[in-house]
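Visitor: next one to model:
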Amino acid sequence: MLTFTLKRLVSGVILLVVVATATFFLAHAAIPDPTLGLLGSAATPEAQQALAAKIGTDRPVIVQFGDWIAGLFRGDLGDSWKNFQPVGAQIALKLPVTLSVVTAAVLLSAVLGGLLGVLAGLRPGTWIDKLVKAGAVILFALPGFWVALLLVMTFAVQLKWFPAVGYVQPQESVGGWLQSITLPAISLALGAVVMIAEQLRNAIIRADGLDYMRTLRSRGLPQWRIVVHLLRNSAPPSLTILALMFVGLLSGAIIVEQIFALPGIGPLTQASSQNGDIPMLLGITVVTVVFVVIINFLLDILLGWINPKARVK
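Guide: Below you'll find the model as predicted:
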């Protein structure tokens, strides 16, 4: 287990360095003169030169990269070029909002997707099976922003069950916090629900025809025990999709947070892109990669627990 953990740690560090390096040079290639975005089109050449000297963009790119990567290994993401505040501190303020929405969406996807997938897999050809297959086609065809706007118009504007925009901190009001993340989480989760349900349904149907399932039934095991065995063998593909969805939902949250006016990573990413705030964009990228590494590590541990053949000795 120690060897496995060390390998995962090393691969995670390598992934972080590779992605951070690629993002650094791509960002500098896409924004050759960030002072123009930071100061605006009315900026004078003198002001641009002064800002370039202050943020260090008057130096060679390779020198800038060396300073930034050295700071990264010290845990220092640098300072924003827009407000000259630490990047890590600003991300730490926004990240809980995004994680609240994404975590709620993942939990909703896992519960609803798992329930629908089990019911459809145990009863193929029934109305719920047809509902899952139809929902997979329809929800994948609908744009995510359109679904979010529809939820706002229906449940916030007309029914007034949830707030249309804004975010409430959980320490202020747990009920208000749940209300503020419900619609964003649902809009993010709908596509993931049908994908997990469809994957789990297909896995259960395939596993249900195997010899060991017929053996279990011949032993007279109760139905719930048989379902548990089915889930243990059918869960890995769905868990893999769920882990990938978590990473994908972090990206999808950028649009959803704009629609629901949530003060998360999404608006920060958009503003940084518009302003040419490269340190902030790099910091967001690094944090995202760290989450990818952690999620993949936890997924491997969980799959090893579910499937003994996958366990690391």
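Visitor: when you work out contacts or count neighbours from here on, use the C-alpha atoms and nothing else.
Guide: Fine.
Visitor: and for stretch 133-145, what's in contact with it?
Guide: 187-188, 190-191, 194-195, 198, 255-256, 259 (Cα atoms under 8 Å, 6 or more residues apart in numbering).
Visitor: for those, give me JSON lines that also has neighbour count, secondary structure and distance to Gly166.
Guide: Below are these laid out as JSON lines (neighbours: other Cα atoms under 10 Å; DSSP: H, G, I helix; E, B strand; the rest coil; distance: Cα to Cα, whole Å):
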{"residue": "Ser187", "neighbour count": "23", "secondary structure": "helix", "distance to Gly166": "15"}
{"residue": "Leu188", "neighbour count": "29", "secondary structure": "helix", "distance to Gly166": "17"}
{"residue": "Leu190", "neighbour count": "21", "secondary structure": "helix", "distance to Gly166": "21"}
{"residue": "Gly191", "neighbour count": "23", "secondary structure": "helix", "distance to Gly166": "23"}
{"residue": "Val194", "neighbour count": "27", "secondary structure": "helix", "distance to Gly166": "28"}
{"residue": "Met195", "neighbour count": "26", "secondary structure": "helix", "distance to Gly166": "29"}
{"residue": "Glu198", "neighbour count": "24", "secondary structure": "helix", "distance to Gly166": "33"}
{"residue": "Ile255", "neighbour count": "19", "secondary structure": "helix", "distance to Gly166": "14"}
{"residue": "Val256", "neighbour count": "27", "secondary structure": "helix", "distance to Gly166": "12"}
{"residue": "Ile259", "neighbour count": "17", "secondary structure": "helix", "distance to Gly166": "10"}
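Visitor: quick check: the two most widely separated of those residues?
Guide: Across the contacts of stretch 133-145, no pair lies farther apart than Glu198 and Ile259, at 28.3 Å, counting by Cα to Cα.
Visitor: so where's the stretch 51-200 of the chain uncertain?
Guide: Within the stretch 51-200 of the chain, the stretches with pLDDT under 70 are 140.
Visitor: quick one, what contacts the nearest residue to Val152 once chain neighbours are set aside?
Guide: Once flanking residues are discounted, Val152 sits nearest to Ala164: 5.7 Å by Cα to Cα, 6 or more residues apart in numbering. Applying Cα under 8 Å, 6+ apart to Ala164 gives the contacts 152, 156-157, 260.
Visitor: show me how to select, in ChimeraX, the buried members of those residues.
Guide: Restricted to buried positions by 16 or more other Cα atoms under 10 Å, the ChimeraX selection for those reads:
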select :152,156,260
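Visitor: re earlier: ok, so of the contacts of stretch 133-145, who is nearest Ala120?
Guide: When the contacts of stretch 133-145 are compared against Ala120 (criterion: Cα to Cα), the nearest one is Glu198, at 8.4 Å.
Visitor: quick one: secondary structure of the residue nearest to that closest one when sequence neighbours are not counted?
Guide: The shortest distance from Glu198 to any non-neighbouring residue, by Cα to Cα, 6+ apart, is to Gly117 (6.1 Å). Classification of Gly117 using DSSP: H, G, I helix; E, B strand; the rest coil returns helix.
Visitor: how close does Gly117 sit to Val61?
Guide: From Gly117 over to Val61 the distance is 51 Å, taken as Cα to Cα, to the nearest Å.
Visitor: more crowded one of the two?
Guide: A count of neighbours by other Cα atoms under 10 Å puts Gly117 above the other of Gly117 and Val61, at 28 against 15.
Visitor: could you pull up the residues touching the more buried one?
Guide: 132, 196-201.
Visitor: with distance to Gln49 and secondary structure added, can I get those in TSV?
Guide: Putting the contacts of Gly117 into TSV (distance: Cα to Cα, whole Å; DSSP: H, G, I helix; E, B strand; the rest coil) gives the following:
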residue	distance to Gln49	secondary structure
Val132	59	helix
Ile196	53	helix
Ala197	56	helix
Glu198	57	helix
Gln199	56	helix
Leu200	58	helix
Arg201	61	helix
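Visitor: now, which of the residues you listed sits nearest Ala52?
Guide: For the contacts of Gly117, the nearest to Ala52 is Ile196 (48.8 Å; Cα to Cα).
Visitor: of the contacts of stretch 133-145, closest to Val97?
Guide: Using Cα to Cα, Val256 is the member of the contacts of stretch 133-145 that sits closest to Val97, with 11.8 Å.
Visitor: what about the closest one, distance to Ala185?
Guide: Taking Cα to Cα, one finds Val256 at 9 Å from Ala185.
Visitor: just to revisit the earlier point, state the pair within the contacts of Ala164 that is farthest apart.
Guide: Val157 and Phe260 (12.5 Å).
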